[in-house]
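A.B. asks: Mind folding the following:
(one chain, ligands or ions: 3)
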Amino acid sequence: MKKMTQTASHWGVFNVETANGEILGTTPFSRDPRPASYVGSLPETVRHELRIERPHVRESYLRHREKAPRNRGGEAFVPVSWEVALDLIEDELRRVKDRYGNEAIYGGSYGWASAGRLHHSPSVLKRFLGLHGGYVDKAGNHSFGAAAHIMPYVIGDRDVPSQSVPFSEMIEHTKLFIMFGGTALKNSQIDAGGTVLHTVDACFAAAKARGIRFVNISPSRDDAAASLGAEWLPIRPNTDTAFMLGLAHTIVAEDRHDRAFLARYCVGFERFENYLLGRTDGVPKDASWAAALTGISASTIADLARRMAETRTLINTSWSVQRADHGEQPVWMTVTLAAILGKIGLPGGGFSLGLGATNSIGMTCLDIPRPKLPLGPNPIRTHVPVGRVAEMLLNPGTELQYNGKALKLPDIKLIYSVGGNPFHHNANLNRFVEAWQRPDTIIVHEPWWTPPARFADIVLPATTTMERNDILATERTSFYIAMHKVIEPVGQSRNDFDVFAELSARLGFHDAYTCGRNEMGWLRHMYEEARKIAQERGYSPPPFDTFWAEGSYEFPSLQQDETFLGAFRSDPETNRLDTQSGKIELTSALIESFNYDDCPAHATWIEPAEWLGSGKADKYPIHLLSHQPSVRLHSQLDMSPVSRASKLNGREPISLSYEDASARGLTEGDLVRVYNDRGAFIAAVKIVDSLRPGVAQMATGAWYDPSEPGKVGSLEKHGNPNVVTDDRGTSQLAQGSIAQTVLVEIEKCMVAPPVTAFDLPTITELPPPPLDIGSR
Ligand SMILES: Nc1nc2c(c(=O)[nH]1)N[C@H]1C(S)=C(S)[C@@H](COP(=O)(O)OP(=O)(O)OC[C@H]3O[C@@H](n4cnc5c(=O)[nH]c(N)nc54)[C@H](O)[C@@H]3O)O[C@H]1N2
Ligand SMILES: Nc1nc2c(c(=O)[nH]1)N[C@H]1C(S)=C(S)[C@@H](COP(=O)(O)OP(=O)(O)OC[C@H]3O[C@@H](n4cnc5c(=O)[nH]c(N)nc54)[C@H](O)[C@@H]3O)O[C@H]1N2
Ligand SMILES: [Mo]
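C.D. replies: Ligands and ions are numbered 1, 2, ... in the order given. Coordinates of the predicted model:
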């Protein structure tokens, strides 16, 4: 009997056809105008040979537990029963809590996990660890860490994804759209929590049809869709702040700036102006100054500045631009430049952050409540910046400056990690591998033998979305989507939620964790709670059973798009921003009071640690950019047929200009060694005409595949760029990730060991030694 079942992912809603539990095919949601290229990847991999069939324990950990040799990644795994695995985990959670306290448990598990409001694994982990007495959490994120920390000082506390002009107003009112870092359409395939209708390309098409002019300021021409006919200014990586300063200088020097706007809505322009015009340091930041840093001619910069001053201009800065050393500065400078132009708060004018970065940026944030699982309290207040995990593990007890305070780094003994891939999101993987050997115990739940599973002590097999029931509901979609279970759990895999229910029973807080509800009990409860709030707001979603049977509910749109910062513009006294002054801060007294040389009082050009204009480029003359993949979500589904088909000679492709390739004697498909002082990886050359010479570009997400797993400095064979990236923070303010600041050299690879990322790890079926559980 054939059956169609609807479920969903971060990259779309789809129906899966099955017969007797076997998956036959995938059909995207009928109303989705542009399904993701990899919409069928999950169904295709749900029964993959890399699925983890049952719990496993690293061989020496099973014998010696926390005293085992620190050889994570370098050993065989022993399959064990659920009973044994849970005994080990229970025992270790008790031991670490009793001996070291909850500040020794790291539960700040970062990662996109899967779509769905109940089975979001990092959330269920946090709910569980909070009830166990607490855990050290992460702070910030990899996506827009610098922006999230600087913007509260500049325009006030507001979610970064909401710092955008709505598409509807951009289409109607914008005349000139300036894109720092482009707006590559591949990125709008996804949305955190799930995408229902992919509409970004239609928005850009409508904007184009209205005659909007596009300028793509990016090292890569491909960051703007060809259909936009964008002017391409191939900027040197990490010099956007200098480019914006050059624009600002031209506008101010030619007296085209909006003095009235600056006086009424901003504080600190004079101080910034002194810097801009060179009164403080003798260096005017004019177009010629900017040209020397950015590689774009002074006349082009000055000409663009004049065009921007003459028409309704929207400046969009992509998140990638701030994922770089001193990433706070291009964000602050974006606002400063927009303030100088004076169109902030007018429809289609001012600035946006990350339009195009996901499917939902620029869409109306509806007041539809989302069903939610309460996380519960966490008594431990220590939050460590997400990109500084290696620093935390390597230097416990030391102090890290962070956002105006000194943070004492905790001494972590136990890491519980679910729903993320630390060997994807962390930079400087050699240093990270060293750090990852420090804790006594690392526990991971994973559906597949991914790098985090291979580098754990205890691995529990997790179900995928396809094996459980859930609800999709995100902030900028008008849908609730029922995610129905498609097949029974594969092997012995269990839902993360159920694993923590079992552990909480063993630890004595089962009722507090489950509140007496199972999966369907929670879904019904979460839905009905949200429905009550929705009703108060004038919506009328049906009762749970009707929704569940019908599979989706679309809310009518009762809301108008709001002009970004429009209320502030129309009445800045009543609608003060929640900055210190209530206005836009072009100079911040608060930031100045922190005395950070890497984040001064106003937007400033500060040389990145590595860039093409520095002396380091003599040794490492290529700037490597690692962007989001078009064929997968980060490292998720790298083993799927769509992602595997994107590889070149089995490795992740790295794009080079013809000039850079021929200078190194490289031709298309050649395997190369990409290296710097932090490490080396192998990739396959793709020659393109869309890159600024001196810049190489590749997608993130190739599964980390070291030639000697667990060994620091080992050659990575598959093409994971984080082997060479740096894990320092953007500045002492945000401590954000700086993945886009990295210089490398590239050479032909003569002997390349085979890729083994998609082979099973060594699994030894030897009977384990007798376990001595609970004796401590
Ligand atoms: N070089 C470089 N590095 C980067 C970036 C960059 O631009 N350049 N970008 C950064 C950014 S912006 C981000 S957001 C991060 C993303 O980094 P991550 O979010 O960590 O990456 P994912 O590959 O999405 O990892 C999700 C993991 O969860 C697992 N998983 C999925 N569903 C479930 C589930 O239900 N239960 C359990 N237990 N596990 C599940 C998947 O198998 C996968 O291993 O990467 C960062 N890394
Ligand atoms: N298909 C797909 N879509 C995704 C994701 C995915 O994994 N797959 N991940 C999602 C996530 S978690 C996030 S955070 C967003 C990220 O969204 P973004 O950060 O906007 O995306 P990236 O692809 O990392 O970078 C976009 C472009 O920025 C350019 N760039 C890099 N450095 C510089 C610079 O210094 N100056 C300038 N001007 N340009 C630069 C590069 O050429 C790059 O192609 O994407 C989301 N969308
Ligand atoms: Mo991200």
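
A.B. asks: Flag every residue of the stretch 51-200 of the chain that's near ligand 1.
C.D. replies: Counting by C-beta under 6 Å from any ligand atom, the stretch 51-200 of the chain comes close to ligand 1 at Tyr110, Gly111, Trp112, Ala113, Ser114, His119, Ser121, His142, Ser143. Placement of C-beta: from N, CA and C, glycine included.

A.B. asks: try 8 Å
C.D. replies: Contact residues, the stretch 51-200 of the chain versus ligand 1 (C-beta under 8 Å from any ligand atom): Tyr110, Gly111, Trp112, Ala113, Ser114, His119, His120, Ser121, Asn141, His142, Ser143, Phe144.

A.B. asks: which ones are touching the first one?
C.D. replies: The neighbourhood of Tyr110, defined by C-beta atoms under 8 Å, 6 or more residues apart in numbering, consists of Pro122, Lys138, Asn141, His142, Val386, Gly420, Pro422, His425.

A.B. asks: can you rerun that using 6 Å?
C.D. replies: Lys138, Val386, Gly420, His425 (C-beta atoms under 6 Å, 6 or more residues apart in numbering).

A.B. asks: C-terminal to the helix or strand hosting Leu62, what's the next element?
C.D. replies: Using DSSP states H and E, Leu62 sits in helix 59-64. Sequence order places strand 77-79 as the next helix or strand after helix 59-64, per DSSP H and E.

A.B. asks: Summarise which helices and strands that following strand is packed against.
C.D. replies: Helices and strands touching strand 77-79, by 3 or more C-beta pairs under 6 Å, 6 or more residues apart in numbering; DSSP states H and E, are strand 56-58.

A.B. asks: what's next to the strand it packs on, contact-wise?
C.D. replies: By C-beta under 6 Å, 6+ apart, the list of residues contacting strand 56-58 reads Glu75, Phe77, Val78, Pro79, Val80, Asp457, Ile458, Val459.

A.B. asks: is the fourth one in a bridge, and if so with what?
C.D. replies: Looking back up the chat, that one is Pro79. Pro79 has these beta-bridge partners by DSSP bridges: His56.

A.B. asks: go on, the last one?
C.D. replies: With DSSP bridges applied, the residues forming beta bridges to Val459 are His56, Val444.

A.B. asks: That one: what's it in contact with?
C.D. replies: Shown in contact with Val459 (C-beta under 6 Å, 6+ apart): His56, Val444, Ala453.

A.B. asks: Please apply the same query to the fifth one.
C.D. replies: Residues near Val80 by C-beta under 6 Å, 6+ apart: Pro55, Val57.

A.B. asks: so where's the longest strand in the protein?
C.D. replies: If you go by DSSP state E, the chain has its longest strand at strand 679-688.

A.B. asks: Next, see if it gets close to ligand 2.
C.D. replies: No - shown here: strand 679-688 not in contact with ligand 2 (C-beta under 8 Å from any ligand atom), separated by at least 11.7 Å.

A.B. asks: starting at the chain centroid, how far to that strand?
C.D. replies: Chain-centre distance of strand 679-688: 23 Å, with C-alpha atoms, centre = their mean, to the nearest Å.

A.B. asks: if we look at it, which residues are touching it?
C.D. replies: Outside strand 679-688, the residues within contact range by C-beta under 6 Å, 6+ apart are 430, 648-649, 651-656, 658, 661, 666, 668-674, 715-717, 719-720, 723-724, 749, 752.

A.B. asks: repeat that for 7 Å
C.D. replies: 429-430, 648-649, 651-658, 661, 666, 668-674, 698, 713, 715-717, 719-720, 723-724, 749, 752 (C-beta atoms under 7 Å, 6 or more residues apart in numbering).

A.B. asks: Filter those residues down to the buried ones, PyMOL style.
C.D. replies: PyMOL command restricting the contacts of strand 679-688 to the buried ones, with burial defined by 16 or more other C-beta atoms under 10 Å:
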select buried, resi 429+430+648+651+652+653+654+655+656+657+661+666+670+671+672+673+674+698+715+716+717+719+720+723+724+749+752
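
A.B. asks: give me the number of residues near Pro489?
C.D. replies: A count of nearby residues for Pro489, using other C-beta atoms under 10 Å, gives 18.

A.B. asks: Also Ile251?
C.D. replies: With other C-beta under 10 Å as criterion, Ile251 counts 22.

A.B. asks: can you pull the contacts of it?
C.D. replies: Applying C-beta under 7 Å, 6+ apart, the residues near Ile251 are His257, Ala305, Ala309, Ile340, Leu341.

A.B. asks: Recalculate using a threshold of 6 Å.
C.D. replies: Counting by C-beta under 6 Å, 6+ apart, Ile251 has contacts His257, Ala305, Ala309, Ile340.

A.B. asks: Residues of the stretch 251-400 of the chain that sit close to ligand 2?
C.D. replies: The stretch 251-400 of the chain comes close to ligand 2 at residues Ser318, Trp319, Ser320, Val321, Arg323, Ala324, Pro330, Gly354, Gly356, Ala357, Thr358, as judged by C-beta under 8 Å from any ligand atom.

A.B. asks: Repeat that for the stretch 601-750 of the chain.
C.D. replies: Counting by C-beta under 8 Å from any ligand atom, the stretch 601-750 of the chain sits next to ligand 2 at 625-634, 636, 695, 697, 700-701, 739-740.
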